[in-house]
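Chemist: Sequence first, then the predicted structure, then my questions.
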Amino acid sequence: MKFSKTVITGLVMLMGVNAFAQKKGEKFEKLQIEMFPKAKEGYKQVYIQLPVAKNENDLKVEFFVGVEKMLDCNKHFLIGDVKTQDLQGWGYNYYEVESKGETGGTLMACIDPKLTKKFVTLQPQVVRYNSKLPLVFYIPKDLEVRYRVLRPDAMKKATQK
């Protein structure tokens, strides 16, 4: 009797922890990236898996490929390129990033020579939201990919003069 109470209590606690660990309302499609090629030497494969959302046609994903660096007060950007590739035979896209991690920027005279940590990126790109397919990237090992989901604002009417 005591043993069965302990087992039942343990199962209830386990279910509670599992429910707590999952974000409320976020469901994901089964992740399938086996068909994508392996990363070449010096690169890594990273992906973004988006949760299932209502009205996915209204959403967009903006992604940023970059690196954190200690920089001065100037505006900086990462030098490189993001190329969209077609996964032959599947009709899916993936992204190859070419960058040596070098930065460019403005040449303002900084009054304060203090360096601060900044996430320096290539030109951000906006793509369609699709929870059925992951966004797959091949990036140099020292870079990372960050993203945000863009949601529409209420439609407004233009003002006529």
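Modeler: Yep, it's here. Numbers count the residues shown, from 1 in each chain.
Chemist: Is residue 48 in contact with residue 147, as I believe?
Modeler: Yes: at 5.5 Å, residue 48 counts as touching residue 147 under the criterion of C-beta atoms under 8 Å. C-beta here means a position set from N, CA and C on the backbone, and glycine is covered the same way.
Chemist: Next, show the common contact partners of these two.
Modeler: Common contacts of residue 48 and residue 147 (C-beta atoms under 8 Å, 6 or more residues apart in numbering): 61, 63, 135.
Chemist: Give the buried residues for whichever helix or strand the first one is part of.
Modeler: Of the helices and strands defined by DSSP states H and E, residue 61 is found in strand 60-71. Within strand 60-71, the residues that qualify as buried are 61, 63, 64, 65, 66, 67, 71, counting by 16 or more other C-beta atoms under 10 Å.
Chemist: cool, stretch 116-125 as well?
Modeler: Buried residues in stretch 116-125, counted by 16+ other C-beta under 10 Å: 118, 120, 121, 122.
Chemist: How is the second one assigned, secondary-structure-wise?
Modeler: Assigned state for residue 120: strand (three-state reduction, DSSP: H, G, I helix; E, B strand; the rest coil).
Chemist: Straight-line length of stretch 151-161, end to end?
Modeler: From its first residue to its last, stretch 151-161 covers 29 Å (C-alpha to C-alpha, to the nearest Å).
Chemist: from now on call the first residue 49
Modeler: Okay, using 49 as the starting number, the last item reads as stretch 199-209.
Chemist: contacting residues around it?
Modeler: Under the contact criterion C-beta under 8 Å, 6+ apart, stretch 199-209 has outside partners 106, 107.
Chemist: sorry, back to before: what comes into contact with the strand holding residue 109?
Modeler: So strand 108-119 is contacted by 96, 98, 124, 126, 128, 130, 145, 147, 149, 151, 153, 163-170, 172-177, 183, 185, 187, 190-198 (C-beta under 8 Å, 6+ apart).
Chemist: for the chain, what are the low-confidence residue spans?
Modeler: Low-confidence segments of the chain (pLDDT under 70): 49-73.
Chemist: which strand in it runs the most residues?
Modeler: Looking across the chain with DSSP state E, the single longest strand is strand 140-153.
Chemist: Residue 191 touches residue 143, doesn't it?
Modeler: No: using C-beta under 8 Å, residue 191 is not in contact with residue 143; the gap is 11.8 Å.
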